[in-house]
Each structure stands twice: as structure tokens, then as C-alpha cells.
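Participant: Generate a structure from the sequence data that follows.
(chains A, B and C)
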Amino acid sequence: MTDTSTDHLLTGILSPQTRRQDRSLPDLDRTPDPWESSMQATCECLSWRGALDNLERRHAEDRLGETVYVDYPVQARSALVVTHLLMEQGILDEQELRSKMAQVRARLEDV
Amino acid sequence: MTQRRFSVGDRVTVRDATSLFHTRTQRYARGRTGVVTEYRPEWVIPEDEAWGRDEDGRHEPFYVVRFRQTDLWPDYTGFDVDTLETECSERWLEPEMVGTK
Amino acid sequence: MTYTEHEHIEGPTEVSEFEVLERAVRELAIEHGLFSAEDHRRFTEWAEARTPAKGSQLVAKAWLDPAFKQQLLSNGTEASKAVGVDWLDPTGKGTPSDYTYFYVLENTPKVHNVIVCTLCSCYPRPVLGMSPDWYRTPNYRRRLVRRPREVLAEFGLHLPSDVEVRVHDSNQKSRFMVMPMRPEGTEGWSEEQLASIVTRDTMIGVALPNPEWTATNPPNAKTGARR
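Facilitator: As a prediction, the model looks like this:
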């Protein structure tokens, strides 16, 4: 079960350039970006503190990763799906995500 | 310490229950028969743990069950010697049921 | 609103959209009290300190010391302490996805073990570090249980028909690691030398150790010689 408005939001909020160019080529030699391990820690904390169970998230990653987010790189699935689920559960709303992302972007590009 | 229902060497069939709850018993193992190869400790069953009942959830003995791959997959492409092991809580196991694979 | 900004930014200084998303979600989760900034820091610090080196060391020790090997096979959680791995770190009861029951699976001339987690992607992180990307893909997770020999062949591993391929689907609280067989040509090697050929993949079970291959040397003409 997916929430269409959430799907629309996340695919619309991210740059089209973040989509995979060629799905047939797995990046075997890729070195993980630093944000990926940070995202893993976020997943662990959410599970540890009872907000979002790891298994439930994994299932959602499989389900949504093969459908709604099929055009995005595999390593981005956790970030996309965690956001998706937290919005679906009503914990985060679209407006605060947009403004937080704008804020973070501004902060990172300020230096 | 509850009495264990099964011993190492017993042939057991995984129950073919459709669970509406959070479970960690794989669909491919349900209704299949294997052999108990090892005991595992008594753990909180995942059906309760998923609801945050780490402390007061139901504890149950767990077992390692070994299946022959050819019993799991009718069209198995490997060799007869190949096996698969996984862990099951006691409530998911029954003594071998005749007529099951 | 569609994406408009930043399309002009190029090159290595570009801020990735996923980096922005990751940070935004983390900060919002902290603001909403789902977890604390310190929780996150502790997990990051702990996870980043994990590498397959501890696993390699456990195997090398076991190859050299039969008593240690026995201990490792009978109580992996306890034996891990010999290389400084405490499965209860960092929360006192393991992490939610790294439970504290650790079992080492011994390869023999007749049994080859390989690990997978079909339900999610459980992995023995305290001893092997972060799992490889392919380990988490549906391709590996679905196909290894069903067609293990085909998947192993895709990794370049072909095993004879009288060797039992034993797949371990890690579905409960146990975490597994494979102890490969010590290859010929390593007689008289030190623990450190031995550990260098016990690479991550050999402890997952998709490869066998080779005295000429180490995890740190790139696969080139010098190190890639066929035996």
C-alpha cells in the first residue's frame, strides 16, 4: 500500500539528476558516501527507540524500491523509504520537510 | 525453563499458518519437513517483540532446522546433497506430518 | 514545486540531494524526539569502527590454535572477546539489527557454508563491518536460497557435486560467519599473514581464501594468478 501523494512528493522534491542513468549497470566498485553510514545509524536509532522497526523498513525498501523509487540508486533507498514511511505515518509533513531541506541545503552551500 | 518439545534429530514440519502478525518464518519453509540439528536459546518470539514487548513477551525455545534443498524447491537446480538451515520458534513446528515434503 | 535550484552546480563540490535528504530527515527525527543526537553519534561511531578485520583475525587464530577453534565454534559470542569484539556494544543489548548470538560455521571438505538473510539483511556487523551492497539486494537474498550454486558461480565459485552447499538463512536472532578452510601453501604463516587472505567474501561464503589474494591488493596481473 503506497500513498500516492507521498510518492508524488518525494519524487517531485528531488533533483531529476539524482535518478539512475542506466539501470543495467550495477556500481560494483562504488565507495559508499559518508551520508550512507549516517543514514544507517538513523535507521538503527529509529528501530532502537521504537519509531520504525528495521524489518518493517526493509520490507518497505524492497516494495517501494522496486516500484516508486526504481529510478533511484539502490544506496538511496533507505533515505527515500524512511522519509516516505515517516510521512505516511504522519510524523513528518511535507511542509516541514521542504523547509528543512532548504535550510540544510543553504547551510551546506554556505561554506 | 520450559520443557522442549523436540530433540536434535527429530523430523519436524513447519506449520503452514498464514500469519496476520509480524513473523519471521519464511513462506518457502511453511509446510516443509526438515530435521532439528541444534537448539537455540529461549527467545521472545518475533510476533511479540514487534510490539515492543521485549521484556514481557512470550519466551519460547528455538531450533535450527535443516532442509534438503530438493524438498524445498521442486525444480531445484543444484545437487541432492545441498541443504538449507534456518531457525524456528517451537510454535511453528509440528512432528513430521506424513504426506508433506 | 519542482526542482529548480542547483542544476548549475557541478563537479566534486556538489552537495548531493541524498545528503540533504539524509540530514533533513535525521534533524527532523531528532526534533520530533524519535531519538537523540547522541544516540545517532554513538551508532555512527560504533558502526564506522567495524571492519572485516576482526572476523579475519578470529579465523586466523582458529587456524593456528585448535583450542581456540573449539571455543569459537561452541561459543562465538564469548570467543569474539579475544579480538576485542563485545556483541553487547553499543547499547548493552546489541543493536536492534545486530543481535548477540553469534555462530561460526565451519567449512569442511564435504560442507560449504554460505550466509544470507532473505527477510531483511541481517549481517554479523561487529565482526564483518558494513555489509556489501550486493548482500542487501533482492537478487542475492531471493536467489541464494533457491539457486545457491548459480549465485556462487556468478561469484566465480564452482563447487563439486559431492560438496554439500549449506545455506544459512539468518531469520531470527542469530548472526553467522563462515570459517573457511585454511588453504594449502600457507604452511608456517603467522596469524597476521593468514588473516590477510581471510577476506570478507570468504567469511560470507561466496569465495574461498587464496594464498595469493588479499583484500588490500588490487586484483591485477601480479595478484590474480590462477592456481
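
Participant: From the chain's centroid, how far away is stretch B:36-46?
Facilitator: On the basis of C-alpha atoms, centre = their mean, to the nearest Å, stretch B:36-46 sits 9 Å off its chain's mean C-alpha point.

Participant: Put the alpha carbons of that stretch into CSV.
Facilitator: Output in CSV follows, covering the C-alpha atoms of stretch B:36-46 (Å, rounded to 0.1, in the frame of the first residue of the first chain):
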residue,chain,number,x,y,z
VAL,B,36,16.2,-30.4,14.0
THR,B,37,20.0,-30.0,14.1
GLU,B,38,20.6,-27.7,17.0
TYR,B,39,18.9,-26.0,20.0
ARG,B,40,18.8,-22.2,20.3
PRO,B,41,18.1,-20.3,23.5
GLU,B,42,14.6,-19.3,24.6
TRP,B,43,13.9,-16.0,22.9
VAL,B,44,11.0,-13.6,22.9
ILE,B,45,9.0,-14.7,19.8
PRO,B,46,9.1,-12.1,17.0
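
Participant: tell me which residues in that stretch are buried?
Facilitator: Along stretch B:36-46, these residues count as buried under the neighbour rule (16 or more other C-beta atoms under 10 Å in any protein chain shown): B:36, B:40, B:42-46. Every C-beta, even on glycine, is put in place using the N, C-alpha and C of the backbone.

Participant: Cross the residues you listed against strands and list the overlap.
Facilitator: Judged by DSSP state E, the buried residues of stretch B:36-46 include B:36, B:40, B:42-44 as members of strands.

Participant: just the buried residues of stretch B:36-46 that are near chain C?
Facilitator: B:40, B:43, B:46 (C-beta under 8 Å from any C-beta of the partner chain).

Participant: Near the nearest residue to the first one once chain neighbours are set aside, how many other residues are there?
Facilitator: Residue nearest to B:R40 in three dimensions, not counting chain neighbours: B:F62, with 3.7 Å by C-beta to C-beta, 6 or more residues apart in numbering or on different chains. Neighbouring residues of B:F62 were enumerated by other C-beta atoms under 10 Å in any protein chain shown; the total is 23.

Participant: so B:F62 sits in a strand?
Facilitator: Yes. Per DSSP: H, G, I helix; E, B strand; the rest coil, B:F62 lies within a strand segment.

Participant: Quick check: which of the ones in strands among the buried residues of stretch B:36-46 has the minimum pLDDT.
Facilitator: pLDDT is lowest at B:V44 among those; the value there is 72.

Participant: Dihedrals phi and psi, the closest residue to C:L58 other than its chain neighbours?
Facilitator: Spatial nearest neighbour of C:L58, chain neighbours left out: C:V83 (5.7 Å); criterion: C-beta to C-beta, 6+ apart. The phi and psi torsions at C:V83 (degrees, to the nearest 10) take the values phi -110, psi 20.

Participant: distance of C:V83 from chain B?
Facilitator: Taken as C-beta to the nearest C-beta, to the nearest Å, the spacing of C:V83 relative to chain B amounts to 23 Å.

Participant: Correct me if wrong: that residue contacts C:K54.
Facilitator: Yes. A contact is recorded between C:V83 and C:K54 when judged using C-beta atoms under 8 Å, the distance being 5.0 Å.

Participant: More neighbours: which of these two?
Facilitator: The residue with the greater number of neighbours, taking C:V83 and C:K54 and applying other C-beta under 10 Å, is C:K54; the counts read 22 against 16.

Participant: can you pull the contacts of the more buried one?
Facilitator: C:80, C:83-85, C:126-128 (C-beta atoms under 8 Å, 6 or more residues apart in numbering or on different chains).

Participant: For B:P61, give me its contacts.
Facilitator: B:P61 neighbours (C-beta under 8 Å, 6+ apart): B:2, B:4-5, B:39-42, B:89-90.

Participant: Bridged to it, which residues?
Facilitator: When bridges are assigned using DSSP bridges, the partners listed for B:P61 are B:E42.

Participant: For it, give its distance to chain A.
Facilitator: Using C-beta to the nearest C-beta, one gets 22 Å for the distance from B:P61 to chain A.

Participant: One more: C:L21?
Facilitator: Taking C-beta to the nearest C-beta as the measure, C:L21 and chain A are separated by 5 Å.

Participant: isn't that residue right up against A:R98?
Facilitator: No. Judged on C-beta under 8 Å, C:L21 makes no contact with A:R98 at a distance of 11.2 Å.

Participant: and the two? which has more neighbours close in?
Facilitator: Comparing C:L21 with A:R98 by neighbour count (other C-beta under 10 Å), the higher total belongs to C:L21, at 26 against 14.

Participant: Check which helices and strands the longest helix along chain C sits against.
Facilitator: Under DSSP state H, the helix in chain C containing the largest number of residues is helix C:17-31. Using 3 or more C-beta pairs under 8 Å, 6 or more residues apart in numbering or on different chains; DSSP states H and E as the contact criterion, the elements in contact with helix C:17-31 are helix A:34-48, helix A:77-88, helix A:94-109, helix C:37-48.

Participant: What about A:E36, how many residues nearby?
Facilitator: Around A:E36 sit 19 other residues, with neighbours defined as other C-beta under 10 Å.

Participant: ditto for C:D133
Facilitator: C:D133 - counted by other C-beta under 10 Å - has 17 other residues nearby.
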